[in-house]
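S.K.: Requesting a structural model of the entry that follows:
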Amino acid sequence: MIHPSADVSPDARIGDGTSIWNNAQVREGACVGADCGIGTGVYIDRDVVIGDRVKIQNYVSIFHHVTIEDGVFIGPHVAFTNDRYPRAIFPDGTRRGKNDWTVEPTRMRSGASISAGAVIVCDVTIGRWAMVGAGAVVTRDVPEQGLVIGNPAELMGWVCRCGHRLAREANTWRCPACNETYDLAESEAAAR
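M.R.: The predicted structure follows:
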């Protein structure tokens, strides 16, 4: 289902069962997987890759060179950047053209979630099942199942695949909601 007011390039690929709502724009070369929900006013730049079963809420901006894997949730008003040193002009005052940018990649791994209003600075990876808190500014990689909040975002704990915060029990972590346990030694070591 593509809303009549959505602007979807004929050169974009859209998977089966994906819904694109009003005033969304999907640029040329973008690849959106199956069974996704693309909300009102979402902007998906050229050549962005989005996996299957991804939910992108209203007014999200996803710029060139972002890859989003399967099962990701992106809350409203999230912005992905792609240029660490943006300028509209050169030092001599001449305008920059479309090929005058240094674009850096960003990757969201499967199952990760980003809450409303977060900003994801380019050249980071958000690990599998990680969670980014509302309004956070992510400036560095987020480990698998990591919970980050703040500006700049800092690691504040770990989350279960069901989304709840984990509690430490000796050498493991347990979810109080679903009772799942995890050994996060590798993720903890990577976060140090």
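
S.K.: where does this structure dip in pLDDT?
M.R.: Of all residues in the chain, none has pLDDT under 70.

S.K.: Quick check, central residue of it?
M.R.: Central residue of the chain (CA atoms, centre = their mean): residue 108, 5.1 Å from the mean position.

S.K.: ok, what's across the strand from that residue?
M.R.: residue 68, residue 126 (DSSP bridges).

S.K.: Check residue 95 too.
M.R.: Assigned bridge partners for residue 95, using DSSP bridges, are residue 89.

S.K.: Now do the helices in this protein.
M.R.: 185-191 (DSSP state H).

S.K.: Is the residue nearest to the centre of the chain in contact with residue 70, as I believe?
M.R.: No. At 10.0 Å, residue 108 does not count as touching residue 70 under the criterion of CB atoms under 8 Å. Backbone N, C-alpha and C define where each C-beta goes, glycine included.

S.K.: which residue sits farthest out from the middle of this protein?
M.R.: Within the chain, counting by CA atoms, centre = their mean, residue 92 lies farthest from the centre, at 35.3 Å.

S.K.: Look up how far residue 98 lies from that one.
M.R.: 19 Å (CB to CB, to the nearest Å).

S.K.: What are the phi and psi values at the residue farthest from the centre of the chain?
M.R.: Backbone geometry at residue 92, expressed as degrees, to the nearest 10, gives phi -80, psi 0.

S.K.: quick one, what contacts it?
M.R.: If you count contacts by CB atoms under 8 Å, 6 or more residues apart in numbering, residue 92 has none.

S.K.: can you offset everything so residue one is 44?
M.R.: Sounds good: first residue 44 from here, last item residue 135.
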